[in-house]
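Q: Structural data only, the sequence is not supplied:
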């Protein structure tokens with residue numbers, strides 16, 4: 001199940017974001033240290049003005065993604081799928097939720113070329129060409 005995250009969901013977002021930063025520290029521009037001791041208001045502010053979605057699988061938090069509104073596009077960021085949910089279509093569902101919200105604007109992203117799972121997903125969804133990402 002995909003659902004929108006709002007500022008009142010800050011504690012759940014915090015827990016998932018910190019798990020993501022622990023699990024995949026090289027996949028994000030932020031670091032665990034940047035967010036580990038962040039106060040509640042910083043988490044609330046992070047969820048305000050962006051489109052954020054959670055994924056749940058079998059009653060457990062399974063992933064998250066953010067759409068950052070830009071002038072001519074929406075930037076996909078913060079995509080992460082929990083280890084227990086990988087390979088079950090959660091990443092695709094999260095990305096599609098951002099793409100649907102973004103319409104008619106295009107979705108842009110940055111991804112490290114060694115993030116093979118993400119690169120394959122983004123190519124499959126038409127967000128990356130066959131050229132090297134970055």
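A: Cool, got the structure. The structure presented is a predicted model; accordingly, all values stated were derived computationally and were not measured.

Q: Does anything pack onto the helix or strand of the chain with the lowest mean pLDDT? Which helices or strands?
A: Within the chain, no helix or strand scores below helix 116-124, which has a mean of 93 by mean pLDDT, DSSP states H and E. Judged by 3 or more Cβ pairs under 8 Å, 6 or more residues apart in numbering; DSSP states H and E, helix 116-124 is in contact with helix 90-102. C-beta: built from backbone N, CA, C; applies to glycine.

Q: so residue 56 is in which element?
A: strand 51-57 (DSSP states H and E).

Q: Just read off the phi/psi values of residue 62.
A: phi -130, psi -10 (degrees, to the nearest 10).

Q: Could you report the neighbour count for the closest residue to it other than its chain neighbours?
A: Distance criterion Cβ to Cβ, 6 or more residues apart in numbering; nearest residue to residue 62, sequence neighbours excluded, is residue 85 at 3.6 Å. Using other Cβ atoms under 10 Å, residue 85 has 18 neighbouring residues.

Q: Just read off the phi/psi values of residue 85.
A: phi -110, psi 0.

Q: residue contacts, it?
A: With contact set as Cβ atoms under 8 Å, 6 or more residues apart in numbering, residue 85 has these partners: 55, 57, 60, 62-63.

Q: For the buried ones among those, write the corresponding ChimeraX selection.
A: Only the buried entries of those go into this ChimeraX selection, using 16 or more other Cβ atoms under 10 Å:
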select :55,57,62,63
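
Q: Now for the closest residue to residue 32 other than its chain neighbours: which residues touch it?
A: Excluding the flanking residues, the one nearest residue 32 by Cβ to Cβ, 6+ apart is residue 21, at 4.2 Å. Residues in contact with residue 21 (Cβ under 8 Å, 6+ apart) are 28, 30-32, 35.

Q: What is the nearest of those to residue 5?
A: Checking these against residue 5 with Cβ to Cβ, the nearest one is residue 35 at 15.4 Å.
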